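Task: produce atomic coordinates for the following.
(4 chains)
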There are 2 protein chains.
Amino acid sequence: MDVFLALADPNRRAMLDELVDGEQAAGALAKACPHLSQPAVSQHLKVLREVGLVEVRVDGQRRMYRRQPAALDDVDLWLLRHRNQWAGRLDALEHHLVTDTAEGIGP
Amino acid sequence: MDVFLALADPNRRAMLDELVDGEQAAGALAKACPHLSQPAVSQHLKVLREVGLVEVRVDGQRRMYRRQPAALDDVDLWLLRHRNQWAGRLDALEHHLVTDTAEGIGP
DNA sequence: GACAGATATAAGACTGTCGAAATATAGTCC
DNA sequence: GGACTATATTTCGACAGTCTTATATCTGTC
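Presented below is the predicted three-dimensional model:
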């Protein structure tokens, strides 16, 4: 299993999304994915761990997970080569960004 | 099948890599993947077509394929949110880039 | 040490994907 | 129209990934 394959699963991407705001306990992540059982979440976390996308910190009886963005370097490198029209496409990209996340940024 | 899943296959990524320098006929792509049969290549091209990563142009009895980088926007958007330490990580990224591709750039 | 909570692991069924072989379609040349 | 080339599609078997249920492990509390 490599990083690309790990990111191919929507549930795993959603779990990484949950971690954007900071570290979370495995249980909290499980509650954030109500359509998944606890073992399913644990298995996904194992995959994310194995490819280096997350790291764990033991805190009492909880395991706190945090992202490890360095693991995305491979994906970044690949994308950079396939995005050599960067300058031309940045506008559309930025437009998407603003449109999609504006409601979460206001005062 | 979505873009993330399409990119999860190393053969499909290799085929997109082949297209970086410009459009290629399906046959040329098949020859670039000697470990794959012609039907296998055709199936991968179908997947890439369906998710919008490539487009076809009919030229006589050949089908010329070219990349469609706009289809990578979803991936870009996702990565941007997971790379908010950009400034801090750019150095490492650039270092990788230079190290990995230097031999192909020289005078 | 027994118990409860949080998380991980094991085992099995199900599903989807990959690749090969055979076949079909479409264009070109004679 | 027939032979030939290039590409696509279909069918099938094998394998890998994902989910569920049941069980194990570890930690803190009484």
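
Nearest residue to the middle of chain A?
A:Leu16 (2.6 Å; CA atoms, centre = their mean).

Would the strand or helix carrying that one count as contacting DNA strand C?
Here A:Leu16 sits within helix A:10-18, counting by DSSP states H and E. No: against DNA strand C, helix A:10-18 shows no contacts by CB under 7 Å from any atom of the strand, the least distance being 11.1 Å. For glycine as for every other residue, the C-beta is placed from the backbone atoms N, C-alpha and C.

I'd say the residue nearest to the centre of chain A and A:Val47 touch.
No: judged on CB atoms under 8 Å, A:Leu16 makes no contact with A:Val47 at a distance of 11.3 Å.

Look at the closest residue to A:Val3 other than its chain neighbours and say how many residues are nearby.
Spatial nearest neighbour of A:Val3, excluding adjacent residues (CB to CB, 6 or more residues apart in numbering or on different chains): A:Val51 at 5.0 Å. Counted with other CB atoms under 10 Å in any protein chain shown, the neighbours of A:Val51 add up to 18.

Show the contacting residues for A:Arg62.
A:Ala25, A:Ala26, A:Gly27 (CB atoms under 8 Å, 6 or more residues apart in numbering or on different chains).

One more pass at 10 Å, please.
With contact set as CB atoms under 10 Å, 6 or more residues apart in numbering or on different chains, A:Arg62 has these partners: A:Gln24, A:Ala25, A:Ala26, A:Gly27, A:Ala28.

Would you mind listing which of these are buried?
Among the contacts of A:Arg62, those classed as buried by 16 or more other CB atoms under 10 Å in any protein chain shown are A:Gln24, A:Ala25, A:Ala26.

so who does the first one touch?
Going by CB under 10 Å, 6+ apart, A:Gln24 touches A:Met15, A:Glu18, A:Ala30, A:Lys31, A:Ala32, A:Val54, A:Arg62, A:Arg63, A:Met64, A:Tyr65, A:Arg66, A:Arg67.

Now do the contacts for the closest residue to the fifth one other than its chain neighbours.
By that I understand A:Ala32. Residue nearest to A:Ala32 in three dimensions, not counting chain neighbours: A:Glu18, with 4.9 Å by CB to CB, 6+ apart. By CB under 10 Å, 6+ apart, the residues touching A:Glu18 are A:Gln24, A:Ala28, A:Leu29, A:Lys31, A:Ala32, A:Cys33, A:Tyr65, A:Arg67.

Tell me the one among the residues you listed nearest to chain B.
A:Arg67 (6.8 Å; CB to the nearest CB).

Now that closest one: closest residue in space that isn't a chain neighbour?
Closest to A:Arg67 by CB to CB, 6+ apart is A:Leu19, at 4.7 Å.

Please list all residues in contact with the one you found.
A:Leu19 neighbours (CB under 10 Å, 6+ apart): A:Ala28, A:Leu29, A:Ala32, A:Leu48, A:Leu53, A:Val54, A:Tyr65, A:Arg66, A:Arg67, A:Gln68, B:His82.

ok but A:Gln56 is inside a strand, no?
Gln isn't right for residue A:56; it's Val. Yes: assessed by DSSP: H, G, I helix; E, B strand; the rest coil, A:Val56 belongs to a strand.
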